[in-house]
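Novice: have a look at this prediction, sequence included:
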Amino acid sequence: MAEVPEWFWEVLDTTRPSLLALERWLGDQPGTVLVEFARAYLEAAEALADYAQGVVVDGFVWSEDSTEDLCLWVVGQGRDLWHAVVAGELTLAETAGAYLGRPSPLSGAVTPWDQAVAHPGHRGSQSPDALVHAVHRTRFAADLPGLL
């Protein structure tokens, strides 16, 4: 199982579902913490699946990009859902219904992130995985190193 830092999960758990709260937290951190947050996010998502193999949902194999999006969404839902998938208690296919907004046994266990952000430069990056990249760009006028 991937070793995702405890502080990373604490940040997601304390700010969810408010992107505005996450935006503020990210805005108060040094650049090195933004890099570590983004790295932890990616490592947690990559621990869920080989994106290239896709995930089978409703009899169809999802593309690499769609599978990656699903994995990033699972991470954004926090440690409990992520851990259930990593531990094999749930499959990615089982999480897909909630991800797609369909009625699902998981519907009560997921919390959609709101879309509010304060900085105009962060609009269009309104998910927890994308927001860290936008905050880094607006604060440091550079992309996150080695994470794109």
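Specialist: The structure has been received and is ready for your questions. Remember, predicted model here, so these are calculated numbers, not experimental data. Residues are numbered from 1 along each chain as shown.
Novice: please count neighbours and contacts with C-alpha atoms only from this point.
Specialist: OK.
Novice: same for the helix or strand that contains R39, what does it pack against?
Specialist: Secondary structure assigned from DSSP states H and E places R39 in helix 31-46. Where contact means 3 or more C-alpha pairs under 8 Å, 6 or more residues apart in numbering; DSSP states H and E, helix 31-46 is packed against helix 6-15, helix 64-76, helix 128-140.
Novice: counting contacts, what elements does the helix or strand just after the first one pack onto?
Specialist: Moving toward the C-terminus from helix 6-15, the next helix or strand (DSSP H and E) is helix 19-27. In this structure, helix 19-27 makes packing contacts with helix 6-15, helix 128-140, judged by 3+ C-alpha pairs under 8 Å, 6+ apart.
Novice: okay, buried residues for helix 19-27 please.
Specialist: By neighbour count on 16 or more other C-alpha atoms under 10 Å, the buried set for helix 19-27 is L19, L20, A21, L22, E23, R24, L26, G27.
Novice: what's the first helix or strand after the helix holding R39?
Specialist: Per DSSP H and E, helix 31-46 leads on to strand 56-57 as the next helix or strand towards the C-terminus.
Novice: direction included, what does that next one pair up with?
Specialist: In its sheet, strand 56-57 lies beside strand 60-61 (antiparallel), with partners assigned from DSSP bridges.
Novice: returning to what we had before: so which of the helices and strands packed on helix 31-46 is the most packed in?
Specialist: Of all the helices and strands packed on helix 31-46, helix 64-76 carries the top mean neighbour count, a mean of 21, counting by mean count of other C-alpha atoms under 10 Å.
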